[in-house]
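1. Model the structure of this input:
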Amino acid sequence: MSDEPDIVNLDDCPMKPGLVAGGAVAFVLTVFPMSYALCCLPLALGGFVATTTFVIKYKVRLELKYGMKIAMLACLLGFVASTVVYDLVWLAFDYRIGFEWYVSFLTGLAESAPPPSGDRLLESIELLREQSFGIGTFVQQIFTVILASGIGGAIGGALATVLFKKGALAQ
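-> All right, here's what the predicted structure looks like:
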């Protein structure tokens, strides 16, 4: 028998270390538009780091819902911060971080696509180039941040929760 309790009180384990670590990873990986090309992978990685940091720091195992909650909150914090930085740079300097790389990536996809769909994608790219910051852009960003943070965080948090099963259960 060990001296460790079978159940640890979650109130004794603040989320802050996991949120900071996962949020930092999510921020760094989403500040560049390559995250759109990689879908939710950068956020899944941020969520994985958040939950893993929490589990390792407190030497506990988590229920799936709590591991996912930590990850989703960390991704939300990191992605909101990167979106704010992106928008501030766009508004202050009329420069979109990583935008030219993103456009060249999409152009390469459009050129390799069959004519009807490739032509439509090239038209969409031109509209994207002409886009200015406005309320529509802001609303789109809010929905993207919430949806992608939820999906990526849930995947990363679930993966970390399933992989790390040693220690007392935290409830």
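
2. burial measure for Leu73, as a count.
-> Other residues within reach of Leu73 by the criterion other C-beta atoms under 10 Å amount to 20. To be clear about C-beta, it is placed using only N, CA and C from the backbone, and glycine gets the same treatment.

3. my bad, should have said Asp12
-> Per other C-beta under 10 Å, the neighbour tally for Asp12 reads 9.

4. For the protein, just list every one of the helices.
-> Assignment of helices within the chain using DSSP state H yields the ranges 16-30, 34-37, 41-58, 64-93, 99-112, 115-130, 135-163.

5. need the ones you listed in CSV with distance to Val8 and mean pLDDT, can you?
-> Output for these, formatted as CSV (distance: least, C-beta to C-beta, whole Å; pLDDT from 0 to 100):
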stretch, distance to Val8, mean pLDDT
helix 16-30, 15, 94
helix 34-37, 34, 66
helix 41-58, 7, 93
helix 64-93, 11, 94
helix 99-112, 44, 87
helix 115-130, 49, 88
helix 135-163, 15, 93
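
6. Tell me which of those helices sits most buried.
-> Relative to the other members of those, helix 41-58 carries the highest mean neighbour count by mean count of other C-beta atoms under 10 Å, namely a mean of 25.

7. just the angle between that one and helix 16-30, please?
-> What separates the directions of helix 41-58 and helix 16-30 is an angle of 160 degrees, with axes from the mean of the first three to the mean of the last three C-alpha atoms, to 10 degrees.

8. ok, the residue nearest to Ala24 when sequence neighbours are not counted to Pro115 distance?
-> In space, Ala24 comes closest to Gly78 once its chain neighbours are excluded; the distance is 6.6 Å by C-beta to C-beta, 6 or more residues apart in numbering. Distance of Gly78 to Pro115, given as C-beta to C-beta, to the nearest Å: 40 Å.

9. again, but for Asn9
-> From Asn9 over to Pro115 the distance is 63 Å, taken as C-beta to C-beta.
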